[in-house]
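S.K.: Please find the sequence and the predicted model below.
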Amino acid sequence: LLTGSPSNIHPGIYDPDTKPLPPFDLNRDSTTLPLIRAARDLDIPLLAICRGLQEVNVALGGTLKHDVTEGYPEEKDLYHGYPTDLVTLGPGEREDQHLKYGPAHTVEVTGDLAKIFECNEMMINTCHYQAIDKLGEGLVVEAVAPDGIIEAVRLEGNTFAIAVQWHPEYLQWPCEDRATPRFDDFVQNSEKLFKAFGEACRVQKSKRS
């Protein structure tokens, strides 16, 4: 399981000519990228989230778009950073966490993810500033935003190797906000993804027993 992180992959790894967009975490880069390739070679179940998706892509020879929020709103209709970036807070006000991590836009879903979610379109949250540019070797696109940004990929040939750009872990606990259709659909789809990953891990463990 590769989690999200405030840090970005250092561009020197995939495109030295790309303008750096800090913060970076070189220790994580040097740890996760070899592990991803090992998981591919050993067919170990892999679920990657946010930065994890970008790591999977870079580990397999792909590149990243520098800053997908540049040009908003003059040149772009969809904002991929935190929705709370666009809110001006008054004195003493705090960020609305449900706005920050709640469902923000739709994606078109295909392939294995469409089977897991049992739908071809769903709402996701958005909180990333970089995104896949050149697709890594062996990766298949599984979800796309309305503006064409890749939001999920699958590693072809592996039993379970899925990476999503959004954060499915948000609201995975009982609370009154899950009663609203907007959040409940998002949470239910997230649960399906985690259950599919868990089942793949159980199958892998049984093979080793």
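M.R.: It's in. Numbers count the residues shown, from 1 in each chain.
S.K.: Relative to the whole chain's centre, how far out is the helix of greatest length in the chain?
M.R.: Counting by DSSP state H, the longest helix found in the chain is helix 181-208. Put simply, helix 181-208 sits 15 Å off its chain's centre (CA atoms, centre = their mean, to the nearest Å).
S.K.: Show me the beta-bridge partners of Val153.
M.R.: Val141, Ala163 (DSSP bridges).
S.K.: okay, now it: neighbour count?
M.R.: As a burial measure, Val153 scores 28 neighbours (other CB atoms under 10 Å). Using the backbone N, CA and C atoms, a C-beta is placed for each residue, glycine as well.
S.K.: Contacts only, for it.
M.R.: Leu53, Val56, Asn57, Ile132, Leu135, Gly136, Leu139, Val140, Val141, Glu142, Ile162, Ala163 (CB atoms under 8 Å, 6 or more residues apart in numbering).
S.K.: which one of those residues is nearest Lys19?
M.R.: Closest approach to Lys19 among these (CB to CB): Ile132, at 17.4 Å.
S.K.: can I assume the closest one is in contact with Gly62?
M.R.: Yes - because the distance of 6.2 Å satisfies CB atoms under 8 Å, Ile132 is recorded as touching Gly62.
S.K.: higher neighbour count, these two?
M.R.: Legend: neighbour count by other CB under 10 Å for Ile132 and Gly62, higher for Ile132 (25 against 19).
S.K.: Now that one: closest residue in space, sequence neighbours ignored.
M.R.: Ile150 (4.3 Å; CB to CB, 6 or more residues apart in numbering).
S.K.: Kindly report the same for Gln165.
M.R.: Computed as CB to CB, 6+ apart, the closest residue to Gln165 that is not its neighbour in sequence is Glu151, at 4.5 Å.
S.K.: What average pLDDT does the helix or strand hosting that neighbour get?
M.R.: Take DSSP states H and E as the rule and Glu151 turns out to sit in strand 150-155. If you average the pLDDT over strand 150-155, you get 98.
S.K.: could I have that strand exported to CSV, CA atoms only?
M.R.: The C-alpha atoms that make up strand 150-155 are tabulated as CSV, following Å, rounded to 0.1, in the frame of the first residue of the first chain:
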residue,chain,number,x,y,z
ILE,A,150,-5.5,10.5,-15.8
GLU,A,151,-6.9,9.6,-12.4
ALA,A,152,-6.3,5.9,-12.2
VAL,A,153,-4.1,3.2,-13.8
ARG,A,154,-3.7,-0.5,-13.6
LEU,A,155,-0.5,-2.6,-14.2
